[in-house]
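> Provide a 3D model corresponding to the input given below.
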Amino acid sequence: QRQMCIRDRAVELDPGFALAWVGIAESAALLEQHGTLNPDSRNQIMQAAVEHALQIDPNLGEAYVSQGSLFDALGKREQAETAYKRGIELSPGYATAYHWYSILISNTNDRLAESRELLNKAAQLDPLSAIIKQNIAMAYSRMGRYDEAEAVFKQLLAANPEFSSGMVTMGWLLYGRNKGKLDEAIMMTQGAHRVDPGKMGALIVEHSFWIGLGDFQRAQIVYQQMEALDAGHRWLPAAKGYSNILQGRYAAAKEEGLFLWHNFNSLGPQRHAFRILARSGAYEQARKILLKIEPRYLNPQQWTDILNEGTRDACIAGLTLSRTGDEQLGHELLTFSANYWQQTAPIFIQHADRYPSFECFAYLGDVEKSLDALEVSLEHQHILRSWLGIAASPELRMIREHPRYAAMDEKARAELNRQREHLAQLEAEAAL
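The predicted model follows:
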């Protein structure tokens, strides 16, 4: 925020200084990601700043990089990639160009190695950048190379012990989302609170993992902290929606999904609105959002592209289509998605079983294949943070009624109990 003020002052003193306008655009992008700026305001600020910069200097590579970031935020991936490439062409020594370009393709399965190479180039140009090293660790995590990701994260935090973003990201992406270590993930976010209090991102992550552990009382305490920090933040209705889903309160979750849908227009909140409404059984409303944010689901020729971009929503998208008049198309999408995750994704990703192929098989009525996939995912704890949601979902009743499920449920709940006890011990030690 201080950088934004300084750069605002710079353009007041010299409106013809193109790089100052780029600085405003960059600050807006980072303030939305790490601060309190809402997406709509970010987009407006970035659009105006980039236009000013390019009017002053049409060959300013840094301006094209900011333009690429804006296109990415708007979901315009092709335009974003064109802008990033132009930025690198004009400013080949600009580390941020390679860094932000890598982020654009960081979830594209067949481009994960390319993303990491771009990050390596960024690190060569800016070897002291903590955020670039963080993204290298994230790249390894997305590739399923968790040991390498953990090693980079630990090196990063050893060199930058107060780098809260690294703590939160390690907790969220590596420990919580991919390795199922919810206790370790919460301790990482609490460490981030201590060194850098008042950050919404850390609270969001901690809240989600308390829910995953089934401790809704602690989750509510964190929610109140989030509310006190920014009562109008887009994540608050999403957090309540997901909490209600895991507790089987679908009518309440639907209300939060509808609120998100009607009050937050940017891509991220709309995606959460779709997920919450679909998992609440509000398929008609969910379909409207789905076809607004991802109309490609209606075209089977584009399904490979959607799945290759790293989505985990294809199963619930297929179910939504099936329940809203496109039964055959939805069935085909479910089959295609399950096969992609089991046959194609492993070419690019170790631990591709983190994708929810079990869910697609369940919606197709193939109970045995669903249980097979669920068993593998649980063995690696990828699904642990969502286990209570599986246990509550009415759409997965046929899975839960199968004798094989009982053993998995017992194992998952025992692990969640163990992590709750371990977390209590870790918190007590930290308090001392």
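
> Relative to residue 274, how far out is the nearest residue to residue 324 once chain neighbours are set aside?
Closest residue in space to residue 324, ignoring its immediate chain neighbours: residue 287 at 4.5 Å, by C-beta to C-beta, 6 or more residues apart in numbering. For glycine as for every other residue, the C-beta is placed from the backbone atoms N, C-alpha and C. As judged by C-beta to C-beta, to the nearest Å, residue 287 and residue 274 stand 9 Å apart.

> buried ones in stretch 386-404?
By neighbour count on 16 or more other C-beta atoms under 10 Å, the buried set for stretch 386-404 is 386, 387, 388, 389, 390, 391, 392, 393, 395, 396, 399, 400.

> Which pLDDT value goes with the first one?
Read that as residue 386. Note for residue 386: predicted pLDDT of 89.

> Just the buried residues of stretch 386-404: which are in helices?
In this view, the buried residues of stretch 386-404 that belong to helices under DSSP state H are 387, 388, 389, 390, 391, 392, 399, 400.

> what's in contact with the host helix or strand of residue 167?
Using DSSP states H and E, residue 167 sits within helix 164-169. Applying C-beta atoms under 8 Å, 6 or more residues apart in numbering, the contact partners of helix 164-169 are 34, 130-131, 133-134, 137-138, 153, 156-157, 160, 188-189, 191-192, 195-196, 199, 201-202, 205.

> do the same with stretch 84-101
Stretch 84-101 has contacts (C-beta under 8 Å, 6+ apart) with 26, 59-65, 67-69, 72, 81, 104, 118-119, 121-123, 125-126, 129, 131-132, 135.

> got it, and stretch 271-282?
By C-beta under 8 Å, 6+ apart, the surrounding residues in contact with stretch 271-282 are 238, 241-242, 245, 250-251, 253-254, 256-258, 260-261, 264, 283, 285-286, 289-290, 293, 313, 316-317, 319-320, 389, 393-394.

> who are the neighbours in contact with residue 348?
109, 110, 112, 113, 143.

> go with 10 Å
By C-beta atoms under 10 Å, 6 or more residues apart in numbering, the residues touching residue 348 are 108, 109, 110, 111, 112, 113, 142, 143, 144, 308.

> and of these, the nearest to residue 77?
Ranked by distance to residue 77 (C-beta to C-beta), these are led by residue 108 at 8.9 Å.

> and the closest one, how far is that from residue 312?
To residue 312, residue 108 is 14 Å away according to C-beta to C-beta.

> out of those two, which sits in the more crowded spot?
More neighbours surround residue 108 than the other of residue 108 and residue 312, with 17 against 14 (other C-beta atoms under 10 Å).

> Tally up the residues packed near residue 310, please.
17.

> how close does it sit to residue 118?
For residue 310, the distance to residue 118 - C-beta to C-beta - is 16 Å.

> Okay, now the unreliable bits of the stretch 151-300 of the chain?
For the stretch 151-300 of the chain, no stretch has pLDDT under 70.

> And the helices in it?
Listed in chain order, the helices of the stretch 151-300 of the chain (DSSP state H, counting those that start in this stretch) span 164-169, 182-195, 200-213, 216-229, 235-246, 250-263, 267-279, 283-293.

> thinking residue 31 is in contact with residue 23, fair?
No - contact status for residue 31 versus residue 23: not in contact, 11.9 Å apart, counting by C-beta atoms under 10 Å.

> more crowded one of the two?
Neighbours per residue (other C-beta under 10 Å) separate residue 31 from residue 23, with residue 23 holding more: 22 against 18.

> wait, that one sits on residue 50?
No - if you go by C-beta under 10 Å, residue 23 and residue 50 don't touch, sitting 11.4 Å apart.

> related to what we said a few turns ago, check pLDDT for the ones in helices among the buried residues of stretch 386-404 and point me to the minimum.
residue 392 (83).

> Name all residues that make contact with that residue.
Taking C-beta under 10 Å, 6+ apart, one finds 244, 245, 246, 247, 248, 249, 250, 279, 400 in contact with residue 392.

> Give me the buried entries from those.
244, 245, 246, 247, 249, 250, 279, 400.

> Surely the fifth one and residue 243 touch.
If I follow you right, that is residue 249. Yes - if you go by C-beta under 10 Å, residue 249 and residue 243 touch, sitting 8.3 Å apart.

> returning to what we had before: how about the contacts of residue 392 in JSON lines, adding distance to residue 354?
Below are these laid out as JSON lines (distance: C-beta to C-beta, whole Å):
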{"residue": "244", "distance to residue 354": "25"}
{"residue": "245", "distance to residue 354": "20"}
{"residue": "246", "distance to residue 354": "19"}
{"residue": "247", "distance to residue 354": "24"}
{"residue": "248", "distance to residue 354": "25"}
{"residue": "249", "distance to residue 354": "27"}
{"residue": "250", "distance to residue 354": "26"}
{"residue": "279", "distance to residue 354": "19"}
{"residue": "400", "distance to residue 354": "21"}
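
> Now do the phi/psi pair for residue 309.
The phi and psi values for residue 309, taken as degrees, to the nearest 10, are phi -80, psi 10.

> Distance check, it against residue 115.
Noted for residue 309: a distance of 12 Å to residue 115, by C-beta to C-beta.

> Pull up the overlap in contacts between those two.
By C-beta under 10 Å, 6+ apart, the residues touching both residue 309 and residue 115 are 105, 107, 108.

> what ranges do the helices span in the stretch 301-432 of the chain?
303-308, 314-322, 327-339, 345-348, 357-364, 367-379, 387-392, 397-400, 403-431.

> Quick check: buried residues in the last one?
Within helix 403-431, the residues that qualify as buried by neighbour count (16+ other C-beta under 10 Å) are 405, 408, 412, 415, 416, 419, 420, 423, 426.

> avg pLDDT for that helix?
For helix 403-431, the per-residue pLDDT averages 94.

> Determine how far that helix lies from the middle of the whole chain.
Centroid separation for helix 403-431 versus its chain: 24 Å, with C-alpha atoms, centre = their mean, to the nearest Å.

> Compute the inter-axis angle for that helix and helix 367-379.
20 degrees (axes from the mean of the first three to the mean of the last three C-alpha atoms, to 10 degrees).

> Helix 403-431 vs helix 182-195, what angle?
30 degrees.

> same for helix 403-431, what does it pack against?
Packing contacts for helix 403-431, counted by 3 or more C-beta pairs under 10 Å, 6 or more residues apart in numbering; DSSP states H and E, involve helix 182-195, helix 200-213, helix 367-379, helix 387-392, helix 397-400.

> who's in contact with the third one?
Put plainly, it is helix 367-379. Here helix 367-379 makes contact (C-beta under 10 Å, 6+ apart) with 180, 338, 341-342, 351, 353-364, 366, 382-384, 386-387, 390, 396, 398-399, 401-405, 407-409, 411-412, 415.
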